[in-house]
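K.L.:
Predicted coordinates and the sequence they were generated for:
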Amino acid sequence: MDISKDILLEIYDRMVTTRFFSERINEFFIKGIMHGTTHLSVGEEASGVASCMALDKGDYTTSTHRGHSHAIGRGMEVIKIMAELFGKVTGCSKGKGGSMHLADFDKGHLGSNGVVGGGFAIATGAALTQKMKDTGKIVLCFFGDGASNEGSFHESLNMASVWKLPVIFFCENNLYGVSTPVSKSMNIKDVAVRAKSYGIPSYIIDGNDAVEVYKTTREAAKYCRSGQGPVIIEAKTYRYLGHSKSDECEYRCAEEVNRWKKKDPIIIFKNYLIENNIANQIEIKRIEDKALKEIDLAVEFAKNSPNPPLNALTEDVYA
Amino acid sequence: MKFEDYNPLEEKVFKIMDKKGKIINTDDMPNFTNDQLLYLYRTMLLSRTMDEKQLSYQRQGRMLTYAPNIGQEATQIGSAYALEKEDWIVPSFRELGAWLIHGVPLKNIFLYWYGNEWGSHMPEDVKVLPVSVPISTQLQHATGIGMANNIKKENNVVLTYTGDGGTSGGEFHEALNFAGVFKAPTIFVIQNNQYAISVPRIEQTASKTLAQKAIAYGIPGIQVDGNDIFAMYVATKEAADRARRGEGPTLIEAITYRLAAHTTSDDPTKYREDAEVEEWKTRDPILRFKTYLENKGILTKEWDEKMKKEVENEITSTFEEIEGKADTKIEEIFMYHYETMPPILEEQLKEYKDFLEGGKNNDK
Ligand SMILES: Cc1ncc(C[n+]2csc(CCOP(=O)(O)OP(=O)(O)O)c2C)c(N)n1
Ligand SMILES: Cc1ncc(C[n+]2csc(CCOP(=O)(O)OP(=O)(O)O)c2C)c(N)n1
Ligand SMILES: [Mg+2]
């Protein structure tokens, strides 16, 4: 499978945008400029972005609490995401949702979700719609290793497989659910093994390799689109920062973190682009500068946007 | 027997006795005395007769809704017989045979189905939890009791049941996952009776077997002929031995069939063919066990007749003991959730009583 230069560079663009965005958000939280909480995916950009890039226009995604890479990966405007995190009316959820309510229905992004395992049933329902309306579109459902232990995982995978619904269940296995390592939350090594419970295919991939993520997702999407039912993809990856803003990471050692940093998804992908003569240093730099600029502008935009009015509090709860 | 020899992905099913009552796997045949064999047979008869009686009482308007076990006696009795007295049974709602084996008095069973809360009040030494109507929620209780057993360093095991339909509940996943991680000494028996009300097994899940769901939790899972009392006993015993050795949980899929309706409010002719039912009748677990006992000269016609009378009398006299005397008091619906009734339930009780007395507070 050949991937066009345009797509490869767009993947790089969205990956670095996610990285810079996350680092900026982290800074804002540390300085007390931004409030509430947030879960950053620094270190997980390849799995989050390259998978989204492998989807077609009109396909759907459901995300998790750690959803910035997915929102950016689906092409949501950074200004709207930034404004949402600042709680401003110009945000994608009118400033009332924050980091765990990043959605853009026009882009097929059904949203990040504060409930661990909350996306499974939404994705399955969306896939049922695609099947019943025969749209030819598919759904990609992101979830964490921890979420795979939730009852909603089981109920959704069971239903999706028995009804042959077009969903890619995409696990970003970053080896921890908050402080709990996978080995203490399940008696198996790989989440993907669970596919056997539902008689469906699965893939285990290097989640830090954007090319592998993209190709595998394309292949899985083709399978789903052909009406054969759901697939599990398990992407092994790692988060560099704490689980959320208040996490000192006392449950893991520096050696482990450093080992993963040597496999940084952005550096791996940058080297791939250069070694394969897809982009040179100058082009790479241009993409990175553009991403930084976009974030600066988004911060400006968000800061200058108004807060939601008090009476907005009760709006948008029910249709 | 070894669980490893029965990989569900290869669709291997553990069996000892075929449908004609012939022993086809002598290596694994358990060593029962004649008394044990006759006791098992008698319990099967008791269970079957109890079902038939309850169904007819219900039709006569003397009993409430009832869920019969007809056809599933070997699954329930064979598995429960592998337990020790101190072990726990955590039932779903279709485990009559297991209750009888584990010492639940007939009276409790009648009271339960009569709608009386005292039916769930087991004698102190009978380690059986009450019926769990919300499908698959009991599995988590079973894992929890297993985990408690480990913490308390006791050596008991927990035997719990669910239906084929129950395997689709989120609680199934969470319970088996925790049991796997914490090595709970819990045995999960799926009574795969081919239907969840009207939903056939094939529409329940896409996996070829239910036993293979064990793979998701890193625990052994096997398919067993659920109409073969010996196979059910041996598989459960092996699972119990493993659990006692600290090796954790096991998933057993018992392949069986519900010969009667789902409950007294169900009409199975709406969703399944008579021919299918007839075919399964040839695999009747009691019939095959009886043939085995007769061929061995253990069971005579006279004994059989005598036992049938005996169990029938036992059932009739127990029912007569409670009939008309065991109506539930209104209070009892509210009383046993907490040790003492909290104000919110007291309020509800009062409101309900007022309602029954002519709706005093009704217009507010
Ligand atoms: C239903 C529910 N339970 C608990 C939480 C608290 N919580 C937030 S994130 C998280 C861990 C999720 O782990 P995982 O699915 O591996 O995703 P990761 O954070 O590693 O990306 C927990 C327990 C929650 N948000 N929702
Ligand atoms: C949570 C829940 N949903 C639905 C029901 C209604 N209900 C009662 S029995 C049953 C089917 C159960 O099927 P299965 O697990 O195969 O057990 P079986 O009845 O065949 O023994 C259903 C859906 C229920 N009791 N609890
Ligand atoms: Mg059933």
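P.N.:
All right, it came through fine. Ligands and ions are numbered 1, 2, ... in the order given.

K.L.:
use CA for all of it now, contacts and neighbours both
P.N.:
OK.

K.L.:
What's the first helix or strand after the longest helix belonging to chain A?
P.N.:
Counting residues, the longest helix found in chain A (DSSP state H) is helix A:5-30. Next helix or strand after helix A:5-30 toward the C-terminus (DSSP states H and E): helix A:45-53.

K.L.:
angle of the longest helix of chain A against helix A:45-53?
P.N.:
Here the directions of helix A:5-30 and helix A:45-53 differ by 130 degrees (axes from the mean of the first three to the mean of the last three C-alpha atoms, to 10 degrees).

K.L.:
just for chain B, where's the confidence low?
P.N.:
B:359-364 (pLDDT under 70).

K.L.:
A:Ala291 and A:Thr17 touch, don't they?
P.N.:
Yes. A:Ala291 lies in contact with A:Thr17 (C-alpha atoms under 8 Å); the separation is 5.1 Å.

K.L.:
Which residue of these two possesses the greater neighbour count?
P.N.:
Using other C-alpha atoms under 10 Å in any protein chain shown, the more surrounded residue of A:Ala291 and A:Thr17 is A:Thr17, with 27 against 22.

K.L.:
From ligand 1, how far out is the most centrally placed residue in chain A?
P.N.:
Closest residue to the average C-alpha location of chain A: A:His70 at 3.2 Å, with C-alpha atoms, centre = their mean. Taking C-alpha to the nearest ligand atom, to the nearest Å as the measure, A:His70 falls 12 Å from ligand 1.

K.L.:
Could you measure from the closest residue to chain B within chain A over to A:Asn307?
P.N.:
Per C-alpha to the nearest C-alpha, A:Gly151 is where chain A lies closest to chain B, at 3.5 Å. In this view, A:Gly151 and A:Asn307 are 38 Å apart by C-alpha to C-alpha, to the nearest Å.

K.L.:
Equivalent analysis for A:Leu157, please.
P.N.:
Counting by C-alpha to C-alpha, the gap from A:Leu157 to A:Asn307 is 40 Å.

K.L.:
neighbour count winner among those two?
P.N.:
Higher neighbour count among A:Leu157 and A:Asn307: A:Leu157, with 29 against 18, using other C-alpha under 10 Å.

K.L.:
hang on, isn't that one packed against A:Tyr198?
P.N.:
Yes. If you go by C-alpha under 8 Å, A:Leu157 and A:Tyr198 touch, sitting 6.9 Å apart.

K.L.:
Name the residues of the stretch 51-200 of chain B found near chain A, please.
P.N.:
The stretch 51-200 of chain B has residues B:168-174, B:177-178, B:180-181 near chain A, with proximity defined as C-alpha under 8 Å from any C-alpha of the partner chain.

K.L.:
Nearest to B:Ala196 among the residues you listed?
P.N.:
Within those, the smallest distance to B:Ala196 is 10.5 Å, found for B:Ser168 (C-alpha to C-alpha).

K.L.:
Can you tell me the SS state at the closest residue to that closest one other than its chain neighbours?
P.N.:
Using C-alpha to C-alpha, 6 or more residues apart in numbering or on different chains and skipping the chain neighbours, the partner closest in space to B:Ser168 is A:Glu155 (5.9 Å). Recorded secondary structure, A:Glu155: helix (DSSP: H, G, I helix; E, B strand; the rest coil).

K.L.:
Contacts only, for A:Glu155.
P.N.:
Shown in contact with A:Glu155 (C-alpha atoms under 8 Å, 6 or more residues apart in numbering or on different chains): A:121, B:168-170.

K.L.:
ditto for A:Gly87
P.N.:
By C-alpha under 8 Å, 6+ apart, the contact list for A:Gly87 reads A:94-98, A:307-308.
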